[in-house]
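Participant: Sequence plus the predicted model coming up.
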2 protein chains.
Amino acid sequence: MYEQLKKSISQKVVLSNEEFELCKTFFIPKKIRKKQTLLLEGDVCTYNAFVEKGILRSYSTDEKGNENVMQFAFDGWWITDLSSFLTGGNSTYTIEAIEDSELLLLTTTAREALMDAVPAFERYQRLLLQNAYIALQSRVNGALTATAEEKYLKLTASYPEIISRIPQHMVASYLGLTPETLSRVRKQISLRK
Amino acid sequence: MYEQLKKSISQKVVLSNEEFELCKTFFIPKKIRKKQTLLLEGDVCTYNAFVEKGILRSYSTDEKGNENVMQFAFDGWWITDLSSFLTGGNSTYTIEAIEDSELLLLTTTAREALMDAVPAFERYQRLLLQNAYIALQSRVNGALTATAEEKYLKLTASYPEIISRIPQHMVASYLGLTPETLSRVRKQISLRK
DNA sequence: AGTATTTCTTAATCTACCTCAAGGATTAAG
DNA sequence: CTTAATCCTTGAGGTAGATTAAGAAATACT
């Protein structure tokens, strides 16, 4: 149940077995079924969720009722509404399972306590945030300048699993495209091969 | 020379006068004239720059030679190529002064040393990164879903100084618009008033 | 297996924004 | 004060992607 977590932490920092065993005690395991929500827009996000197995997404909803996907989280990734989680304010995102998933939840207070107990964990979290920030910058750049096809090719080159595990209309939303446009883009690409 | 820095830190963490005096010793003051560059795309970014006075911008350049503005940094803000600064890899952004500016530079090693010497400084940096990440998420959302006019109005509502201190074509680039489109958008807005 | 739900595709039309082109306004420089 | 940069505006025409509408395909449900 904690394999992915161990793998993720080990990729960033060095942790002894004892320290990792200690880490485990701070998490709450939770299973969630496809289409169930972990967080509803407007609620306070009290968890930072690590995905052991499955896929989640976060999305916001605009005035016209369109869902705009902010993030996908595959096995081994974290997902939360960071603003709400850190400040205790209302969330702007809904977090929902795309597949039946197994999560490890870290509450605000457990996170503080864990960072105190295991300093390397704080460093691990800082490194994750740095990487997430750098990746977001690149996404901004793509969102502002790339064509529909460029965005799709760049995304699938980086995360090929997206094609098989995520409904196409959600990928379209993530890229800021309509489902129809993404369908046409894919057709164009396939015709050229 | 360190007023803005003191103000910025005090807004996030509590720091004694002695600690702040200690902090100051880690920075290298630098003046930079309008249009001069602090970092050239492709070089390694060895500084995290705090803007005491003036404005800088960071931008990347695409195949067609278009400059895409990633960030503006006003008085009291930080600017760097985070990826290059943290990993030592080549930078993807150029950093350039929009006005004659006064900077406080923190090298990679000075930053490490400062975080060791003054723990509150590490917390300050973490808080800045968290806020920057949250703001970037909102920018992604806007880039993907907002119209030209919505993007412009949202930006100027958040940072009114942008209108008077930054050339319009750079604002256009930041928003992912052509200068012509931004000019027309502004005209439309003014006609309605 | 059969119905309902969700997902994907295709086509016709429309529109926000881009491109290209040129002139005007402002600021900087000798 | 004069010329050169830089910056901003305006117009005509083009295009990528949105919208609307419909049906096909796949998946889930009982």
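Facilitator: Yes, it's here. Residues are numbered from 1 along each chain as shown, chains lettered A, B, ... in the order given.

Participant: anything in the lengthiest helix in chain A near DNA strand D?
Facilitator: Longest helix in chain A, counting residues (DSSP state H): helix A:119-145. No - judged by Cβ under 7 Å from any atom of the strand, helix A:119-145 and DNA strand D are separated, with a smallest distance of 10.0 Å. Bear in mind the C-beta positions are built from the backbone N, C-alpha and C, glycine included.

Participant: Now do the buried residues in that helix.
Facilitator: Within helix A:119-145, the residues that qualify as buried are A:120-122, A:124-126, A:129-130, A:132-134, A:136-137, A:139-145, counting by 16 or more other Cβ atoms under 10 Å in any protein chain shown.

Participant: now stretch A:46-64
Facilitator: Under the neighbour-count criterion of 16+ other Cβ under 10 Å, stretch A:46-64 has A:46-60 buried.

Participant: so what's residue A:93 up against?
Facilitator: Each residue near residue A:93 by Cβ atoms under 8 Å, 6 or more residues apart in numbering or on different chains is listed here: A:39, A:41, A:45, A:58, A:59, A:60, A:70, A:81, A:84.

Participant: With DNA strand D as the reference, measure out to the residue lying closest to the second one once chain neighbours are set aside.
Facilitator: Okay, so that is residue A:41. Nearest non-adjacent residue to residue A:41, counting by Cβ to Cβ, 6 or more residues apart in numbering or on different chains: residue A:94, 4.5 Å away. The gap separating residue A:94 from DNA strand D is 20 Å, by Cβ to the nearest atom of the strand, to the nearest Å.

Participant: now do residue A:183
Facilitator: For residue A:183, the distance to DNA strand D - Cβ to the nearest atom of the strand - is 9 Å.

Participant: isn't that residue right up against residue A:177?
Facilitator: No - counting by Cβ atoms under 8 Å, residue A:183 stays clear of residue A:177, with 9.5 Å between them.

Participant: For the longest helix of chain A, what does the pLDDT average out to?
Facilitator: The pLDDT scores in helix A:119-145 average 95.

Participant: and it with DNA strand C, contact?
Facilitator: No - if you take Cβ under 7 Å from any atom of the strand as the test, helix A:119-145 misses DNA strand C, and the best it gets is 8.6 Å.

Participant: Next: stretch A:30-49.
Facilitator: No - Stretch A:30-49 is not in contact with DNA strand C by Cβ under 7 Å from any atom of the strand; minimum separation 8.1 Å.

Participant: do you know how far the closest residue to residue A:177 other than its chain neighbours is from DNA strand D?
Facilitator: Setting aside the residues directly before and after it, residue A:177 is nearest to residue A:148 in space (Cβ to Cβ, 6+ apart), at 5.4 Å. Residue A:148 sits 4 Å away from DNA strand D, going by Cβ to the nearest atom of the strand.
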